[in-house]
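Student: Give the three-dimensional model of this entry:
(chains A and B)
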Amino acid sequence: MSTYAQKKGFGATVWDYLTTVDHKKIAVLYLIAGGFFFVVGGLEAMFIRIQLAVPNSDFVSAGMYNQILTMHGTTMIFLAAMPLLFGFMNAIMPLQIGARDVAFPFINALGFWLFFFGGVFLNLSWFLGGAPDAGWTSYASLSLASEGHGIDFYLLGLQISGAGTLMGGINFLVTIINMRAPGMTYMRMPLFTWTTFVASALILFAFPPLTVGIFLLMFDRLFGSNFFVTAAGGNTIIWEHLFWIFGHPEVYILVLPAFGIFSEIIPVFSRKRLFGYSSMVFATVLIGFLGFMVWAHHMFTVGLGPIANAIFAVATMAIAVPTGIKIFNWLFTMWGGSIKFTTPMYYAVAFIPSFLMGGVTGVMLASAAADYQYHDTYFVVAHFHYVIVGGVVFAILAGTAFYWPKMFGTMLNETLGKITFWLFFIGFHLTFFIQHFLGLWGMPRRIFTFLEGQGLETGNFVSTVGAFFMAAATVVLVINIIITTVKNEKVGNDPWGDGRTLEWAIPSPPPFYNFKQLPLVRGLDPLWIEKMEGKKGMTPAEPLGDIHMPNASFIPFVISFGLFVAAFGAMYRLDYGWGLPVLIIGLLITFGSMFLRSVKDDHGFHIHKEELIDEDDKGVKA
Amino acid sequence: MENNQTNTGNATVDIAYRRKKNAEEMRHQVITFTLMIFLTIIAFVAVGAGMSGWFTVPFILLLAAVQVVFQLYYFMHMSHKGHEAPALFLYSGLLVGLITVLAFVTIVWW
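Tutor: This is a model prediction of the structure:
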């Protein structure tokens, strides 16, 4: 099996990616698909801001505005932010723990393709009679009244991509529990691995409520049940609860890996170990734990009563404590460090105050009594964009610059990277800071236009100008990626020069088996320890031997495609005669390929010792 | 799992000790199995005796909980070494589930 070194044609490369089970290639797929949906969601955001730039605008109609707004939120959360983070988790986490792949490479591929087909299905709604229009929260009384198939696209699309995410989360958990290199104890794991672990646990517990909620709503819409139909004895509030039992942990599923990325970047460019490592781990776990006890703070105005509101308000405020621990630890890591201001470090430094502002407004919103004023105003919009853009998107951009050389073997241009940073940073604050005040001045969320003389013109115009800055930043980033890819100047193992963790001990990009010999981990920041003792790389923990690798497979793609077909059938079952057969055919494709996978033994293949020696001209270490 | 590895080639493995452990475990499983059948019979009796639903329903749920614990610890070996992570996740899931149920019972339905 020494085919991996050969040059391949375009078709062969495509086939390679369609069938791959390699975590690094799946990571690239996640980045491409997530990046595409990020651009789509970004365009939707631009349309929103253009519509709101001037009063009485007729750039889009009210109904179209609802669709754009819904799809912006849904796309950005489910199809952009999470997949992009999954991309980094896939690319980096196995390297950080010294593993050759994730625990279930096949399921990893299946998870990606489910997400991808779910996302494509959701976005096809634009061309097939209109997108969902009940907001990304899709509250039941509104979404049940929505005409056309928009909401059905939302339900079926998210059901499919949610299954993929759940699989990915479980896969990461098993990988981290079982596949750590010798010496890599839990308390020696890099912070990005820790946050991946906790975020995956949150996925494991948070996605089932979403699945249940979506199923109930799907039955209500497609099969005539009455779970949320108040007139028939249902209870519409239950959807809100189910959605937010998922929805609030979802926020931490997004932001914890972002914290992890910054916890990697800050020590590297401060040339100091992370301050308070154990308290960082503790804070991560505590945030994950508390994340499940606070969902009703999204529902203060529903009328849960003062006792419930008070309990959830206090629990919410408690989350500020572990988050504060993290903020101070990052500051103390930089304190007295020999800081290098690279592009990733720019984002890390800018992230701390930006995210902190989102956190402060979070505590404001957490006080239930005051929330009656803020609820459903632009103040809330400003708050969650400060935490998600200032936290998660900054982390994704920082991670792109930081891990690009590890993933693709070439460095993104630093000057263009810094231009992207400044455009994005200025644009971000310009867009969202003023929205706090727009909210306090009385501008409600989710309105498609406003009138002249309400005092909202200037604020909205400023906000729109900021959005164009962020769009320009994204364009510069894309140009940077193209230039870098064309130039393709190769870099070594540790291009930043101060890598501390295992991923910087192996070539960039890593060989497909990652580690020729599993490394021996002797403490936190294992590569840094070896460097401080004057060694070039890691000490191997095992003699050179055959490596067992999984075979590529096209089945994950087919399983996901079957569900994609079945979703169309389920949706059009009542409208057209072909609906039911298509539903059955789709499910047959899915279950048939699952059956094939079960009966066909696939033992993978071995890379033999001799091939591993050949590859290394300088000979191989003991 | 670790009780059945006699082909380790490891000289320190004490086969006599392993045998004793296995026998002990078998005894526990038989006892638990008997208890579980007994609990099931009690559950049926509780329904058959025609007592108030306010007693029977919580009582059966309690018996069910006990059976789940038996199942997990005596048949699925959760008490053995190496099962800490599954135990942690089971209990975390239980906690999340119970909080949800508690919230629904207290602030949605009553």
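Student: I'd say residue A:287 and residue A:258 touch.
Tutor: No. In this structure, residue A:287 is not within contact of residue A:258 by CB atoms under 8 Å, at 11.9 Å. Where you see a C-beta, it was placed from the backbone N, CA and C, and this is true even at glycine.
Student: So for these two, which sits in the more crowded spot?
Tutor: The residue with more neighbours, out of residue A:287 and residue A:258, is residue A:258; 28 against 22, by other CB atoms under 10 Å in any protein chain shown.
Student: and that one, what is it in contact with?
Tutor: Neighbouring residues of residue A:258 by CB atoms under 8 Å, 6 or more residues apart in numbering or on different chains: A:85, A:391, A:392, A:394, A:395, A:396.
Student: quick one: the nearest residue to residue A:101 once chain neighbours are set aside from chain B, how far?
Tutor: Excluding the flanking residues, the one nearest residue A:101 by CB to CB, 6 or more residues apart in numbering or on different chains is residue A:23, at 5.2 Å. Computed as CB to the nearest CB, to the nearest Å, the residue A:23 to chain B distance reads 21 Å.
Student: and residue A:23, what pLDDT?
Tutor: pLDDT for residue A:23: 95.
Student: Could you measure from it over to residue A:555?
Tutor: Residue A:23 sits 17 Å away from residue A:555, going by CB to CB, to the nearest Å.
Student: Tell me which of the two has more neighbours.
Tutor: Each of residue A:23 and residue A:555 has its neighbours counted (other CB under 10 Å); residue A:23 has more, 25 against 18.
Student: The more buried one against residue A:94, yeah?
Tutor: Yes. If you go by CB under 8 Å, residue A:23 and residue A:94 touch, sitting 5.4 Å apart.
Student: Overlap in contacts, those two.
Tutor: With CB under 8 Å, 6+ apart, residue A:23 and residue A:94 have common neighbours A:101, A:102.
Student: per-residue pLDDT, residue B:5?
Tutor: On the pLDDT scale, residue B:5 is placed at 50.
Student: Quick check: next helix or strand after the helix ranked longest in chain B?
Tutor: In chain B, with assignment by DSSP state H, the single longest helix is helix B:15-48. For helix B:15-48, the following helix or strand on the C-terminal side (DSSP states H and E) is helix B:53-70.
Student: what's the angle between that following helix and helix B:15-48?
Tutor: Orientation check (axes from the mean of the first three to the mean of the last three CA atoms, to 10 degrees): helix B:53-70 against helix B:15-48 gives 170 degrees.
Student: pLDDT on helix B:53-70, on average?
Tutor: For helix B:53-70, the mean per-residue pLDDT is 88.
Student: picking up where we left off before, which pair in the contacts of residue A:258 spans the largest distance?
Tutor: Among the contacts of residue A:258, the pair separated by the greatest distance (CB to CB) is A:85 and A:394, at 12.5 Å.
Student: Let me know whether residue A:300 touches residue A:309 as I believe.
Tutor: Yes. Between residue A:300 and residue A:309 there is a contact under CB under 8 Å: 5.4 Å.
Student: if I look at the two, which residues touch both of them?
Tutor: residue A:368.
Student: before we move on, the earlier item: looking at the contacts of residue A:258, which one is closest to residue B:87?
Tutor: residue A:85 (28.0 Å).
Student: How confident is the prediction for the closest one, by pLDDT?
Tutor: Confidence score, pLDDT, at residue A:85: 97.
Student: isn't it right up against residue A:392?
Tutor: Yes. Residue A:85 lies in contact with residue A:392 (CB under 8 Å); the separation is 7.4 Å.
Student: in the stretch 451-600 of chain A, which spans are helices?
Tutor: Listed in chain order, the helices of the stretch 451-600 of chain A (DSSP state H, counting those that start in this stretch) span A:457-487, A:526-532, A:555-572, A:579-599.
Student: which one of the ones you listed lies closest to residue B:85?
Tutor: Comparing the helices of the stretch 451-600 of chain A by CB to CB, helix A:526-532 comes nearest, at 22.5 Å.
Student: Quick check: buried residues in the longest helix along chain A?
Tutor: Ranked by residue count, the top helix of chain A under DSSP H comes out as helix A:236-270. Residues of helix A:236-270 classed as buried: A:236-270 (neighbour count, 16 or more other CB atoms under 10 Å in any protein chain shown).
Student: Chain B against chain A: which residues are in contact?
Tutor: Chain B comes close to chain A at residues B:85, B:89, B:92-93, B:95-96, B:99-100, B:103-104, B:106-108, as judged by CB under 8 Å from any CB of the partner chain.
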